[in-house]
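Trainee: need the 3D shape of this:
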Amino acid sequence: MGASYGSVASQFSYEPPLPTSASRVLTLYGALAVTFMMVMYAFESRSPYFIAAFALGCALSSSYGFLAGTWPFGAVEAVWTMVALRRFFAARVLEGPGPSSGPTWAGKGGGVPE
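Mentor: Now for the predicted structure:
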């Protein structure tokens, strides 16, 4: 007669594979990349160089997305990398040349706060 295939439930059950050392390393890389990206985003207002670091974090997150097989995430992060680089270059133009440009820690007068 016909071949027995077992119960229907066992045919459709899925057990995810155990994580390998490569997948653990990839997961750690992704977590560090996204954490770095978010910390740099939080510090963007302090200096244009934090915007550049945010762009780097976006690029690292994008590479993680492609390596992990989640290409939509990788593509969106690649777009954010371009946006952040554009913002960095715009901020550098607005900042102007010289070390005296931009905010100082001591305030406008450069002296001790009253």
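Trainee: use CA for all of it now, contacts and neighbours both
Mentor: Will do.
Trainee: strands of the chain, start to end?
Mentor: For the chain, strands defined by DSSP state E do not occur.
Trainee: would you map the helices across it?
Mentor: Applying DSSP state H to the chain gives helices spanning 8-12, 21-42, 48-67, 71-95.
Trainee: thought Gly57 was touching Val39?
Mentor: No. Proximity of Gly57 to Val39 does not meet the contact threshold set by CA atoms under 8 Å, at 9.2 Å.
Trainee: more crowded one of these two?
Mentor: Each of Gly57 and Val39 has its neighbours counted (other CA atoms under 10 Å); Gly57 has more, 26 against 14.
Trainee: need the contact list for that one.
Mentor: Residues near Gly57 by CA atoms under 8 Å, 6 or more residues apart in numbering: 33-34, 36-38, 40.
Trainee: buried members of these into ChimeraX, please.
Mentor: Buried members of the contacts of Gly57, defined by 16 or more other CA atoms under 10 Å, are picked up in ChimeraX with:
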select :33,34,36,37,40
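Trainee: switch the contacts of Gly57 over to CSV; also include distance to Gly74 and pLDDT.
Mentor: Listed next are these as CSV, based on distance: CA to CA, whole Å; pLDDT from 0 to 100:
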residue, distance to Gly74, pLDDT
Ala33, 12, 97
Val34, 12, 97
Phe36, 16, 97
Met37, 14, 97
Met38, 16, 97
Met40, 19, 97
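Trainee: can you list the contacts of Gly57 in JSON lines and add distance to Arg24?
Mentor: JSON lines is the format used below for the contacts of Gly57 (distance: CA to CA, whole Å):
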{"residue": "Ala33", "distance to Arg24": "14"}
{"residue": "Val34", "distance to Arg24": "15"}
{"residue": "Phe36", "distance to Arg24": "18"}
{"residue": "Met37", "distance to Arg24": "20"}
{"residue": "Met38", "distance to Arg24": "21"}
{"residue": "Met40", "distance to Arg24": "24"}
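Trainee: since that was my last question, I'll sign off now.
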